[in-house]
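**Q** output the structure for:
(one chain, ligands or ions: 1)
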Amino acid sequence: MLHDALTKHPVISATGLYTPEHSISNQELVESFNTFVELHNSRNADAIASGEVEALHPSSVEFIEKASGIKARHVMDKKPVLDPEIMGPRWRERTNDELSLMAEIGVNAARDALDRAGRLPGDVDAVLCAASNMERPYPAMAVEIQQALKIDGFGFDMNVACSSATFGIQTAADYIRAGNARSVLVVSPEITSGHLNWRDRDSHFIFGDVATAVLVEDAAMAPSAHWDILGTKLKTVFSNNIRNNFGFLNRASPEGEGKADKLFVQEGRKVFKEVVPMVADMIIEEADRLQIDPQSLRRLWLHQANAGMNRLIAQRVLGHEADADESPTVLDTYGNTSSAGSIIAFHLHSKDLSPGDTGLICSFGAGYSAGTVFVRKAA
Ligand code: COA
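**A** Predicted coordinates:
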């Protein structure tokens, strides 16, 4: 929606970030994965020789870096992920009286955003928890985060995979435009280590854990240093190329337990080929609608899934190969953090821009889903 002076005008007042303390380098990850491969192959040597079981192949640091641009990722629980006999996070189940894990990191990111905006929780009207996975079906994570922050209002969860945060920003902006809320927190706790199959060579390096928060508010109450939201656009096109079949209808069945398709699976090549043109066209069309010359965009904060995809999208949008200043990456240290990726990039790489500079926050991922949020620095 285009903003005009008579309607309420949504802005981004501040963003917040929570980064888990532990990080896993490609070297550490590959060492652990390759030990797992050796163990599997030696334990199944006879079955592999007779053709009943397939031998596994080792991973490599060089491949990971070249194919994705990822050098490390943060995780909430490092030890069991790197243990070749476990290969996944193992959390103590918390009681109903304790703050749940997703809520805890979401609250940390939200507090960071509130502090930066100089905002008290009592002034916030709504919390959206927008993420690729929810810790449980109900009560909503957003309501728990709302309660922990002592926010009086309402909250709900929304999942649009890697595009959850931009879909959350548009939803928050629409509440503000409609007058249903003046201050909305969009919180994205992404504990992607829980949905990643750490034993799958094709994807074991992809994801990392993090939480982000975006405070979307009516300009009339926002701090003077904020980002005007010039326009938002969302798009979804069904695809099976990124899929996770985990769900309450199949988790309990014996054949569902432990199956790889109950975790993240993808056809990475197809995703790359199909999503790049879809997203580049979407950005150019939306820029045209907002009467913004895409080549004049000061910075692109793109979804952080793959450095090659970002290079191609940025080139199509800007008309030339983007440098790190025009299209910053956080993939090297964070990996793919699902919906939080473009928000981390915006959070870490926006302070140096000048008032009047225009940029784009853009997400894309499973669904397929894509979201654009054009912003202009106000002060
Ligand atoms: N270590 C070493 N080699 C590996 C490997 C690993 N960990 N994983 C795969 N390979 C091998 C493959 O076996 C293949 O070998 P072959 O050519 O002999 O068959 C080769 O490397 C290329 O594999 P491929 O899967 O085609 O790699 P790629 O260049 O497409 O890169 C991705 C893989 C996943 C990094 C890339 O496709 C991608 O990022 N796509 C976009 C995904 C995306 O955005 N998803 C959204 C998720 S939210």
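**Q** most proximal residue of this protein with respect to the ligand?
**A** Residue of the chain nearest the ligand, by Cβ to the nearest ligand atom: Gly268 (2.7 Å). Every residue, glycine included, has its C-beta placed from N, CA and C.
**Q** pretty sure Val298 sits against Thr358.
**A** That one is not Val; residue 298 is Arg. Yes - contact status for Arg298 versus Thr358: in contact at 5.9 Å, counting by Cβ atoms under 8 Å.
**Q** of those two, which one has the most company?
**A** A count of neighbours by other Cβ atoms under 10 Å puts Thr358 above the other of Arg298 and Thr358, at 20 against 16.
**Q** the more buried one and Tyr368, how far apart?
**A** With distances defined as Cβ to Cβ, to the nearest Å, the gap from Thr358 to Tyr368 amounts to 26 Å.
**Q** and the helix or strand of the chain with the lowest mean pLDDT, what does it pack against?
**A** Within the chain, judged by mean pLDDT, DSSP states H and E, the helix or strand with the poorest mean is strand 265-266; its value is a mean of 92. Contact here means 3 or more Cβ pairs under 8 Å, 6 or more residues apart in numbering; DSSP states H and E; on that basis strand 265-266 packs against strand 242-243.
**Q** other residues contacting the strand it packs on?
**A** With contact meaning Cβ atoms under 8 Å, 6 or more residues apart in numbering, strand 242-243 is reached by 161, 261, 264-267, 271, 365-368.
**Q** between those, which sits nearest Ile86?
**A** Each of the contacts of strand 242-243 was scored against Ile86 by Cβ to Cβ, and Phe264 proved nearest at 17.7 Å.
**Q** wasn't Ala345 part of a strand?
**A** No - in this structure, Ala345 is helix, not part of a strand, as judged by DSSP: H, G, I helix; E, B strand; the rest coil.
**Q** residues of the chain that sit close to the ligand?
**A** By the criterion of Cβ under 6 Å from any ligand atom, the positions of the chain lying close to the ligand are 59-60, 63-64, 67-68, 162, 201-202, 242, 266, 268-269, 271-272, 305-306, 309, 336, 365-366.
**Q** 8 Å instead?
**A** Neighbours of the ligand within the chain, by Cβ under 8 Å from any ligand atom: 30, 33, 57-60, 62-64, 66-68, 132, 161-162, 201-207, 242, 264, 266, 268-269, 271-272, 275, 303, 305-306, 308-309, 336, 338, 364-366.
**Q** pretty sure Arg376 contacts Leu360?
**A** No - in this structure, Arg376 sits apart from Leu360 without contact. The criterion is Cβ under 8 Å, and the distance is 10.5 Å.
**Q** neighbour count winner among these two?
**A** For Arg376 versus Leu360, the count of surrounding residues by other Cβ under 10 Å is larger for Leu360: 25 against 18.
**Q** show me what contacts that one?
**A** By Cβ under 8 Å, 6+ apart, the contact set of Leu360 is 283, 287, 297, 299-301, 317, 372-375.
**Q** give me the buried entries from those.
**A** Neighbour-count burial (16 or more other Cβ atoms under 10 Å) is assigned, among those, to 283, 287, 297, 299-301, 317, 372-375.
**Q** in CSV, list these along with secondary structure and pLDDT.
**A** CSV is the format used below for the buried ones among the contacts of Leu360 (DSSP: H, G, I helix; E, B strand; the rest coil; pLDDT from 0 to 100):
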residue, secondary structure, pLDDT
Ile283, helix, 98
Ala287, helix, 97
Leu297, coil, 97
Arg299, strand, 98
Leu300, strand, 98
Trp301, strand, 98
Val317, helix, 97
Thr372, strand, 98
Val373, strand, 98
Phe374, strand, 98
Val375, strand, 98
